[in-house]
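got a structure for you, letters missing:
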């Protein structure tokens, strides 16, 4: 099984081996090419650059962020799982509306996305 | 209220083929899908804004493109409702649909449900960590969004689909460090004679094995992922050899990855089908609970047909044939197709469907969900992802008398979250069955009630919309 750690990635120019552990956790990557119209939105206050047509899940992933929310009960990190709207794990707050699926919602200029935490689910007033 | 002749739900291979067949037969077709474009999951298309970017494709892509193009050429003649989800079914073929502008009831004379399937993941420690995702999720991230979901990627689980995803992610520049397959090589070899019944599909399989070898991606038959670890997101995966039941049997090793794509096959999406109250049956090898269908894919509910993986998992090629059968049969029922023309067109299709059985059953057996996978979960492993119910809490609930879904829900909240039990029930029902010494069929299925997809109360109460829809009825 050690063979898997030994697989030589150097042969692949698009994906050079990454020795810096912090960088190797950079995750998602946009495929190169013309992606059309850029848009910007915020995720927990951080400005994220994305492109028209991308889902929030894709844009956030491509910006290097994996954790989309923290669960209510145990405060566990969660991210994208099924990417087809079935599992409801990628729930985020979009412009104040909670429990929206990041994989089903497209980015738009000026969207304010927030990750949900165990504290953010206040009971209705 | 809208009145329609034929409503097809789902625009994947089955739905597209049904729409094409019925439209060519002269029927008025309404095609509904949650996505912005036709294609479904397997032939998923990019949004227009991203469609100029080319990414590597799989061997089926060209076939999918032809199907999409054929349906596109008929688009003028069909009613296409994108980004529309069916959130309820009411007696006599009334479908409650949510569109971007609000919601509507569509009454259909004939309905074809082509709702497809979703991936099954057996719970294991760390399966909720960000960075752990389904192979299909990774595939659609690349195909649809043109985003590679990770750098160092391990593919695990069971089924030929893993090879497709591994080859695709590699071709896109991902560092795929291996494929971990629960089935043992000898399981595949045992069924090789049956697989020879479809040389074309078998060659396709061979093509993927060769791709993997060329890319120096090791394929580990008879292995299973036992845990995933990392601080905040995935860093490390533990792997073990497993026995014929899928139970880990030592030889543990770890591999550093940032992404794990794990899936053990597919489960039919049947919420809508179930709501029609048609007869359902449990077929382990076809993915679980499926409608009982006749040769023409009719359910026991009048005017309701089911085509594709939603009626039993069999893949895109079978789905397409079934879609055509269901489409023609619906057209015939509407009186748009004469008996003679119907018989002429349906015969070759049903023959091809029968022929596909041998291959499909062999694959089902090789890649079946093995009972040992249930024991990958430790007592504190989350089983119900939505409500965060651990295996221990679930077992206590079963001990307390929660031996069916309704009771177990009340005791533990299992299956009460937003996914409505889709992710956990296939696991939970197997675990109850094992504990009670019963068959999974005896444990029963989830009950389904509308809404099956999220709809805001404010949308439901949208008076102007209701007034508008009752006016037109």
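Structure received. Just so you know, these numbers come straight off a predicted model, no measurement behind them.

and residue B:401, how many neighbours?
By other CB atoms under 10 Å in any protein chain shown, the residues close to residue B:401 number 11. C-betas here are computed from N, CA, C, even on glycine.

look at the closest residue to it other than its chain neighbours and report its pLDDT.
Once flanking residues are discounted, residue B:401 sits nearest to residue B:407: 6.0 Å by CB to CB, 6 or more residues apart in numbering or on different chains. Looking at residue B:407, its pLDDT is 94.

quick check, residue B:407 in contact with residue B:399.
No. Taking contacts as CB atoms under 8 Å, residue B:407 lies outside contact range of residue B:399: 11.8 Å.

out of those two, which sits in the busier spot?
Remark: of residue B:407 and residue B:399, residue B:407 carries more neighbours, 14 against 11, as counted by other CB under 10 Å.

can you spell out which helices and strands pack onto the helix or strand hosting that one?
Using DSSP states H and E, residue B:407 sits in helix B:405-412. In this structure, helix B:405-412 packs against helix B:391-399, helix B:425-436, with contacts taken as 3 or more CB pairs under 8 Å, 6 or more residues apart in numbering or on different chains; DSSP states H and E.

and if we set it to 10 Å?
strand B:382-384, strand B:389-390, helix B:391-399, helix B:425-436 (3 or more CB pairs under 10 Å, 6 or more residues apart in numbering or on different chains; DSSP states H and E).

pull the helix or strand with minimum mean pLDDT from chain A.
The least trusted helix or strand in chain A, going by mean pLDDT, DSSP states H and E, turns out to be helix A:21-24, with a mean of 38.

and after it, which helix or strand comes next?
Next element after helix A:21-24 (DSSP H and E): strand A:29-30.

close to chain B, is that next one?
Yes. Judged by CB under 10 Å from any CB of the partner chain, strand A:29-30 comes into contact with chain B at A:29, A:30.

distance between that strand and the chain's centre?
On the basis of CA atoms, centre = their mean, to the nearest Å, strand A:29-30 sits 11 Å off its chain's mean C-alpha point.

low pLDDT regions in chain B?
B:462-473 (pLDDT under 70).

one more time with 80
Applying pLDDT under 80 to chain B picks out residues B:58-59, B:100-101, B:456, B:458-473.

remind me, longest helix of it?
Identified as the longest helix of chain B according to DSSP state H is helix B:339-366.

do the same with chain A
Chain A, longest helix under DSSP H: helix A:56-62.

now whichever helix or strand comes after that helix, how far from the centre of its chain.
Counting by DSSP H and E, the element after helix A:56-62 in chain order, helix or strand, is strand A:69-70. Strand A:69-70 sits 12 Å away from the centroid of its parent chain (CA atoms, centre = their mean).

one more: stretch A:79-88?
Distance, centroid of stretch A:79-88 to centroid of chain: 12 Å (CA atoms, centre = their mean).

do that stretch and chain B meet at all?
Yes. Using CB under 10 Å from any CB, stretch A:79-88 reaches chain B at A:79, A:80, A:81, A:82, A:83, A:84, A:85, A:86, A:87, A:88.

right, and residue B:234 touches residue B:151 too?
No. Counting by CB atoms under 10 Å, residue B:151 is not a contact partner of residue B:234; they are 11.2 Å apart.

which of those two has more neighbours?
With neighbours defined as other CB under 10 Å, residue B:234 and residue B:151 compare such that residue B:234 has more, 28 against 23.

surely the more buried one is within a strand?
No. According to DSSP: H, G, I helix; E, B strand; the rest coil, residue B:234 belongs to no strand; its state is coil.

show me the contacts for it.
Contacts for residue B:234 (CB atoms under 10 Å, 6 or more residues apart in numbering or on different chains) come out as A:25, A:27, A:66, A:79, B:126-127, B:129-133, B:150, B:152, B:154, B:228, B:256-260.

please redo it, this time with the cut-off set to 8 Å
Each residue near residue B:234 by CB atoms under 8 Å, 6 or more residues apart in numbering or on different chains is listed here: A:66, B:126, B:129, B:130, B:131, B:132, B:228, B:257, B:258, B:259, B:260.

tell me which of the residues you listed is nearest to residue B:61?
Using CB to CB, residue B:259 comes nearest to residue B:61 of the contacts of residue B:234, at 22.4 Å.

okay, now the residue nearest to the closest one when sequence neighbours are not counted: neighbour count?
Once flanking residues are discounted, residue B:259 sits nearest to residue B:150: 2.7 Å by CB to CB, 6+ apart. Residue B:150 has 28 neighbours, counted by other CB under 10 Å.

do residue B:75 as well
Residue B:75, neighbours per other CB under 10 Å, totals 13.

where does the prediction get shaky in chain A?
Checking chain A against pLDDT under 80 turns up A:1-27, A:118-125.

please consider this matter closed, and thank you.
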